[in-house]
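Colleague: Pasting the sequence and the predicted model now:
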Amino acid sequence: MTLDDIIEASTDKETLNRLNKVTLDNTPESATEKRTLNRFEKEYFESYDHYEIHQEMLQDSIRTLAYKNAIIDNKHLFKGKIVLDVGCGTGILSMFAAKYGAKHVIGVDMSDVIDNAREIVNLNGFGNKITLLKGKLEDVELPYDKVDIIISEWMGYFLLFESMLDTVLYARDKYLVEGGLIFPDKCSIHVAGMEDTNYIQEKTRFWKDVYGFDYSPFIPLIMKDPIVDTVERDVVNTTSDRLIELDLHTVQISDLSFIAHFKVEAKRNDRIDAIVSWFDIEFPCIKGNIPVAFSTGPNSTYTHWKQTIFYLKNTLECESGDSLEGTLSCSPNKRNNRFLDIKIRYNFEAKGGIANVRSTKNENMYLMS
Ligand SMILES: C[S@@+](CC[C@H](N)C(=O)[O-])C[C@H]1O[C@@H](n2cnc3c(N)ncnc32)[C@H](O)[C@@H]1O
């Protein structure tokens, strides 16, 4: 009897147990041996071993309900389909897919949390519909040559931190049937200018007087760290611009190293201390319907991704209508490709009073680690 036959036949508890035995017995503990991982990869997957990080993601209801609603809205598309959950974690997306019609879901994860996920999936009665495989997606052997749908929650801070999208694209190219679906399938990164005088003053004050000593050489270094934090909407003082847009059906890994142009305009007389960035996500839907989507921007409900702030080298004294234009380049760090090297070049063109004094050009390098 093949795995497929068992799935077709499995309606009772006995076949359910048999299926799990077949999949577990025929599958080595992990398709990827931990000792083969380099230090960074080991640290990365270990960061997902513990339940707490999964609790944070599960409790992010904007995130988790978006997946649930996107699947429910597209029940007809999931019905009878083979689904691959890339980086299944605790199995939540696999269970949504199985509950709302998928014929069989394969969940893959390299972290030890998949051992808990197996128990959870069985406890909730999905042992006959969900097969969980431990290992790196790139190393596991799936029981199918092709799958109909890929679901994955791969997004990191600033969308691309962690570089997990590479794995989804690998899965797409290897396993997704022609015309198959990817949940989600569209995403974009956005930027705007913001005022954050308190942060700058607080940091500057601290480093200028550390128990009576001048530690100011640290000041430019702090400016190189992108900060992940919640940005209140009223400190955003420029228009926003879409930096990049990715269609998961066509994007290539090479596109994830990019230089993108942005241009925003000051909305009031104020100061611009930083560029705030966020991302938006959209799921597939049938033509004519409104897609399930969510934003991680300052105008939207809190998500665990918050926003990512890039402090500029100098404060820009802006008047309404002044423009801030530039480029943001981003690529995976050479030593650890889960980190991001980001460079922002900017040209601030003041229009109103003492325009030539206020106008300035500069650039800053950041390491997102
Ligand atoms: C952001 S979590 C999402 C977990 C779960 N899907 C959810 O929505 O709650 C990403 C998961 O993908 C796993 N992962 C990342 N890269 C992977 C790879 N190349 N192969 C297998 N698992 C991977 C991580 O271990 C982690 O558990």
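Modeller: Yep, that arrived. Numbers count the residues shown, from 1 in each chain.

Colleague: tell me the pLDDT at whichever residue of the chain sits closest to the ligand?
Modeller: Across the chain, the shortest distance to the ligand (Cβ to the nearest ligand atom) belongs to Gly87, at 2.1 Å. (Glycine included, C-beta is placed from N, CA and C.) With respect to pLDDT, Gly87 scores 98.

Colleague: wouldn't it be in contact with Asp166 here?
Modeller: No. Using Cβ atoms under 8 Å, Gly87 makes no contact with Asp166, being 11.5 Å away.

Colleague: neighbour count winner among these two?
Modeller: Gly87 (23 against 18; other Cβ atoms under 10 Å).

Colleague: if I look at that one, how far off is Glu178?
Modeller: For Gly87, the distance to Glu178 (Cβ to Cβ, to the nearest Å) stands at 23 Å.

Colleague: go on, Leu169?
Modeller: According to Cβ to Cβ, Leu169 stands 16 Å off from Glu178.

Colleague: quick one: which of these two has more around it?
Modeller: Set Leu169 next to Glu178 and count neighbours by other Cβ under 10 Å: Leu169 wins out with 21 against 5.

Colleague: which SS class is that one?
Modeller: Of the three states, Leu169 takes helix according to DSSP: H, G, I helix; E, B strand; the rest coil.

Colleague: and it, what does it touch?
Modeller: Residues near Leu169 by Cβ atoms under 8 Å, 6 or more residues apart in numbering: Leu248, Val251, Gln252, Ile253.

Colleague: Would you agree Met194 is in contact with Val235?
Modeller: Yes. With contact defined as Cβ under 8 Å, Met194 counts as touching Val235 (5.0 Å).

Colleague: For the two, indicate the residue with more neighbours.
Modeller: Using other Cβ under 10 Å as the criterion, Met194 and Val235 rank with Met194 on top: 25 against 18.

Colleague: for the ligand, what are the nearby residues on the stretch 101-250 of the chain?
Modeller: Taking Cβ under 6 Å from any ligand atom as the criterion, the neighbours of the ligand within the stretch 101-250 of the chain are Val108, Asp109, Met110, Ser111, Val113, Lys136, Leu137, Glu138, Glu153, Met164, Thr167.
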